[in-house]
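Peer 1: Build me a model:
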Amino acid sequence: MLAQSHPGVGASEPSDQQGGQVGVRKLILNNFRNYASVELSVDAAIVVLTGANGAGKTNILEALSFLSPGRGLRNSHLGEVTHRVKQCENLVQNSSDGWSVRVHLTNTNGPVEIGTGLASADRAKRTILINDLPARSQNDLANEVGIVWMTPDMDRLFHDSSGQRRRFLDRLVYGFDTQHAARITAYTKTIRERARLLKARRAGAPTDTAWLSALEDTAAQQGIAVAAARRDIIQRLNGALGEGELVDRQNEHRQALPGVRITLVGKVDGWLESCPAAEAEDKFRTALELERNSDAAAGRTETGPHRSDLETTHLTQNCAAVRCSTGEQKAILLAMVLAYAEILSHALPASPIMLLDEATAHLDSRRRIALFARLIAYPGQVWMTGTDLAPFAPLSNSVSTLTQISVLRGPVLHFEVEDGQIIPISNP
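Peer 2: Numbering: from 1, shown residues only. Prediction:
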């Protein structure tokens, strides 16, 4: 998430200690998606949810994603989450009671209870309680638990628009810098105000040149701050992503997921690569002034971090991700998500919880084994979904290759999800 989900965790600088174990112990849902009411007890390092399409597997992961700031892994309007009550054969409506997610979890400080939801379906702002006390803001969640997710929608990351890739990257930045969203909002507002003034000037209206220059000065400061935060997270990611391919050559399971290099491509990003931030600000400010006429004619600002794009390369094949096969792209995306969870584990007091929706889709058996090996070694809790149980068999097979490379940190729990019911099943 890619978080991202993001991610929804906050830390400014990495700590020296490796993250500890954080995990959900109980999940209680009321009026959430297709669940009128459900209570799920969990005591496992890895939780696997299987079932048919539409059974409600992703809804469970979405509920957990509300342990982070924002609108969850689907980026849903909060009213859309409310349980839909069937009124007659062909008519459903949202419950008027709102919805709630309550989680009992363990973090480095001990047991914690987090509750969130809408008090009624007609309210637009969710409430958050931590140990039954109201949170000051959604960012308070970041002090209790980190969340990283991957969803099937992210499979199209390399084919989507540059805007989608920027949003993916920004979600990752939020994990290290909870003020990043505010900077983007402020920068966007400044650029829009500049565009409004340029449009008015082009139409012949009198323009306050001093105000225009002040806006461009502000935009340069805000824009460079946004670009610098993105550059920082990419440097961290590349350090972890290249390791599997270029450093750890003795670990075939790590190598089975490709080494990856990420690059930010844009005029502003190039300036930050070649000169200090203060000088990059000056270049950006000058560019905005020189491009006033062309920006007015185009109806948009052509230079800035809002025009940057994310380029991803498969290192072994020396091939752009967009030109790789579907399976290779899924492996690249997984490598990126795992690398992000890894660097967060070093930056936070405890490793984030990973939510992996249909993560095994498009992977061959070798890469599934590699994925499971990485997840077994991961110090945080992992939740996974799939339509069939068979691909997950190596997680619980005592004679599998996995047990030869890592000691299982705890039990693997399997649940079958069917029409709002969650049923424990035996290990395969």
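Peer 1: Asn109: how many residues sit nearby?
Peer 2: Taking other C-beta atoms under 10 Å as the neighbour definition, Asn109 ends up with a count of 10. Every C-beta, even on glycine, is put in place using the N, C-alpha and C of the backbone.
Peer 1: Next, the buried residues of the top helix by length along the chain.
Peer 2: Ranked by residue count, the top helix of the chain under DSSP state H comes out as helix 209-246. For helix 209-246, the neighbour count (16 or more other C-beta atoms under 10 Å) marks 212, 215-227, 229-231, 233-234, 236-238, 240-242, 244-245 as buried.
Peer 1: what helices or strands is that helix leaning on?
Peer 2: Under the contact criterion of 3 or more C-beta pairs under 8 Å, 6 or more residues apart in numbering; DSSP states H and E, helix 209-246 touches helix 162-174, helix 180-202, helix 252-255, strand 260-265, helix 267-274, helix 277-290, helix 326-347.
Peer 1: of these, which approaches Arg366 most closely?
Peer 2: Nearest to Arg366 among the helices and strands packed on helix 209-246 is helix 252-255; the distance by C-beta to C-beta comes to 8.9 Å.
Peer 1: Quick check: mean pLDDT of the closest one?
Peer 2: Helix 252-255 carries an average pLDDT of 50.
Peer 1: now swap in stretch 322-330 and tell me
Peer 2: For stretch 322-330, the mean confidence score works out to 94.
Peer 1: buried residues in it?
Peer 2: For stretch 322-330, the buried set under the neighbour-count rule, 16+ other C-beta under 10 Å, comprises Cys324, Glu328, Gln329, Lys330.
Peer 1: Then stretch 277-294?
Peer 2: Along stretch 277-294, these residues count as buried under the neighbour rule (16+ other C-beta under 10 Å): Ala280, Glu281, Lys283, Phe284, Arg285, Ala287, Leu288, Glu291, Arg292.
Peer 1: just to revisit the earlier point, what angle sits between the longest helix of the chain and helix 267-274?
Peer 2: What separates the directions of helix 209-246 and helix 267-274 is an angle of 60 degrees, with axes from the mean of the first three to the mean of the last three C-alpha atoms, to 10 degrees.
Peer 1: Next, the angle from helix 209-246 to helix 277-290.
Peer 2: Using the same axes, to 10 degrees, helix 209-246 lies at 130 degrees relative to helix 277-290.
Peer 1: Please tell me how far helix 209-246 is from the chain's geometric centre.
Peer 2: Mean C-alpha position of helix 209-246 versus that of the full chain (C-alpha atoms, centre = their mean, to the nearest Å) differs by 18 Å.
Peer 1: need the next SSE after the lowest-mean-pLDDT helix or strand in the chain, C-terminal direction.
Peer 2: Within the chain, confidence by mean pLDDT, DSSP states H and E is lowest for strand 91-94 among all helices and strands, at a mean of 44. Tracing the chain past strand 91-94, the next element assigned as helix or strand by DSSP states H and E is strand 99-107.
Peer 1: tell me which strands and helices that next one is in contact with?
Peer 2: Counting contacts by 3+ C-beta pairs under 8 Å, 6+ apart, the secondary-structure elements packed against strand 99-107 are strand 23-32, helix 57-65, strand 110-118.
Peer 1: The last one pairs with which strands, and in what direction?
Peer 2: Put plainly, it is strand 110-118. strand 99-107 (antiparallel), strand 127-130 (antiparallel) (DSSP bridges).
Peer 1: and the angle for it with helix 57-65?
Peer 2: With the same axes, to 10 degrees as the basis, strand 110-118 and helix 57-65 are set at 110 degrees to each other.
Peer 1: send the alpha carbons of strand 110-118 over as PDB?
Peer 2: These are the backbone C-alpha positions of strand 110-118, laid out as PDB (Å, rounded to 0.1, in the frame of the first residue of the first chain):
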ATOM      1  CA  GLY A 110       0.500  -4.500  26.800                       C
ATOM      2  CA  PRO A 111      -3.200  -5.100  26.100                       C
ATOM      3  CA  VAL A 112      -5.000  -2.300  24.300                       C
ATOM      4  CA  GLU A 113      -8.700  -1.900  23.200                       C
ATOM      5  CA  ILE A 114      -9.500   0.200  20.200                       C
ATOM      6  CA  GLY A 115     -13.000   1.000  19.000                       C
ATOM      7  CA  THR A 116     -14.000   3.000  16.000                       C
ATOM      8  CA  GLY A 117     -17.100   3.600  13.900                       C
ATOM      9  CA  LEU A 118     -20.100   5.800  13.200                       C
END
